[in-house]
Every structure is written in structure tokens, then in C-alpha cells.
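1. Next input, structure requested:
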Amino acid sequence: MGDATVAELVRVEWPSGIVREYQNVDANQILTLVENHAPVADASATPTLVISPNGVDATATLDGSRSLDPDGDPLEYLWLSTPSSQPQLFWVAEWW
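-> Reported below is the predicted structural model:
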């Protein structure tokens, strides 16, 4: 780096393929970089669907509380309904 006091860009390419870029990194320091691990998703649902009297609609309770992130990062869940004649429903829940 010579006399430079800042590295404009530090690019890290992990074996997993993840690439991280850090900008304006001060010189004369030791950086400890750890590769982020992918979260583990567990989108459990109620064991059985509850069918309505008209035999069409079903209710399922989705629960992502058993999902986890090995690094302790916050998780965010997004549930999407499948396309049908009914409008799609979206529900987002954040777990901190």
C-alpha cells in the first residue's frame, strides 16, 4: 500500500462463491473476516389442512420459528400463496 492510509476497495472471494467488498478500509489494522453461513429454513405448517365447508378453501398455519441462522443474524420470513383464481395473499413477519 506504500504511503496510503486507506484501501479504497478490499474484495474477498470465499470458497463458497460469496463475494464481499469493503470500501475505504483504514490501513494499519488487522481485519478478521468470517464467511457468513446460510440460514436454515424450517417452514413448518399445521399437520393437517382445515378444509372449509365449501371444500375449496383451506387454512394452514405457517410457522418459521424453528428456522435459525448459525451466525445469529436476524431472520425475515415471507410467505406467498400459490397462483389461483383468488388474489394472492402476502404475509411478512420479522423475527429478531
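2. Could you break the chain into its assigned domains?
-> 1-35, 44-95 (automatic domain parsing).
3. Run through the residues that contact the nearest residue to Glu13 once chain neighbours are set aside.
-> Leaving out its chain neighbours, the residue that sits closest to Glu13 by Cβ to Cβ, 6 or more residues apart in numbering is Val19, at 5.2 Å. In this view, the C-beta of every residue, glycine as well, is placed from N, C-alpha and C. Applying Cβ atoms under 8 Å, 6 or more residues apart in numbering to Val19 gives the contacts Arg11, Val12, Glu13.
4. May I have the phi/psi pair for the second one?
-> Summarising the backbone geometry of Val12 under the convention degrees, to the nearest 10, its torsions are phi -120, psi 120.
5. Helix, strand or coil: sort out the residue nearest to it when sequence neighbours are not counted for me.
-> Nearest non-adjacent residue to Val12, counting by Cβ to Cβ, 6+ apart: Arg20, 4.8 Å away. Of the three states, Arg20 takes strand under DSSP: H, G, I helix; E, B strand; the rest coil.
6. Next: the one 5 residues further on.
-> Secondary structure of Val25, reduced to three states by three-state DSSP: strand.
7. Count the neighbours of Tyr77 for me.
-> 16 (other Cβ atoms under 10 Å).
8. In the sheet, which residues pair with it? Tell me.
-> Under DSSP bridges, the beta-bridge partners of Tyr77 are Ala93.
9. cool, and Ser44?
-> Counting by DSSP bridges, Ser44 is bridged to Asp63.
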